[in-house]
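Asks: Predicted coordinates and the sequence they were generated for:
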Amino acid sequence: MKTITRSVIALASLTSFGFAAEKTVVEVASSDPQFSTLVAAVKAAGLAETLSGKGPFTVFAPTNDAFAKLPAGTVDSLLKPENKEKLTAILTYHVVPGKVMAADVKAGEVKTVNGDTATISASGGKVMIDKATVTKTDIAASNGVIHVIDSVIMPETK
């Protein structure tokens, strides 16, 4: 009986992993309620189609709680059509070209899709990108990978 139970659990794990890997990073994020603010922002910036493309992309995805840490009114302001350029710059700062799994992450600077450089650091078993802590890694998608972060990271203003 234990062998059958283990086999069922293993099959269920492989099946659920397979389904996630068949979805794009946008579809994976859209299916998880903790990313509803991120998905709304991606759609408002007109990036859903791009991030549903071939990729591969590594997305450092802030949760709803991460967006809630921003000053009051920031998200609402960024979602306005007149702030699309600023929103796009912020969101593309959360994306790195290529598929970088947690095991492949190295401390140092990394060039983001918006052209700015973010800093990856690792200390005491904690990985950070700029001032955001990576809380979950390696959420597979067909066109990349998502790493969950606890804060919204901001590119340098030019």
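Replies: Perfect, I can see it now.

Asks: In the helix or strand residue 139 falls within, which of the residues would be classed as buried?
Replies: Here residue 139 sits within strand 132-141, counting by DSSP states H and E. By neighbour count on 16 or more other Cβ atoms under 10 Å, the buried set for strand 132-141 is 132, 134, 139, 140, 141. For glycine as for every other residue, the C-beta is placed from the backbone atoms N, C-alpha and C.

Asks: before we move on, what about stretch 33-51?
Replies: Of all the residues in stretch 33-51, those buried under the rule 16+ other Cβ under 10 Å are 35, 37, 38, 39, 41, 42, 44, 45, 47, 48, 50, 51.

Asks: any residues touching it, and which ones?
Replies: Contacting residues not belonging to stretch 33-51 are listed as 24-26, 29-30, 57, 59, 61-65, 67, 75, 78-79, 81, 84, 87-88, 91-92, 95, 143, 148 [Cβ atoms under 8 Å, 6 or more residues apart in numbering].

Asks: try it again with 7 Å
Replies: Residues outside stretch 33-51 that contact it (Cβ atoms under 7 Å, 6 or more residues apart in numbering): 24-26, 29-30, 57, 61-64, 67, 75, 78-79, 84, 87-88, 91.

Asks: still on that earlier bit, can you name the two of the buried residues of strand 132-141 that are farthest apart?
Replies: Largest separation among the buried residues of strand 132-141 by Cβ to Cβ: 132 and 140, giving 20.7 Å.

Asks: that older thread, next step: the buried residues of stretch 33-51 restricted to helices.
Replies: Taking DSSP state H, the ones among the buried residues of stretch 33-51 that sit in helices are 37, 38, 39, 41, 42, 44, 48, 50, 51.

Asks: right, and out of these, which lies closest to residue 114?
Replies: residue 50 (12.2 Å).

Asks: Can you pull up the most central residue in this structure?
Replies: By Cα atoms, centre = their mean, the chain has its centre lying nearest to residue 61, at 2.6 Å.

Asks: Do a quick rundown of the helices in this protein.
Replies: 2-21, 25-30, 36-44, 48-51, 64-68, 74-78, 84-93.
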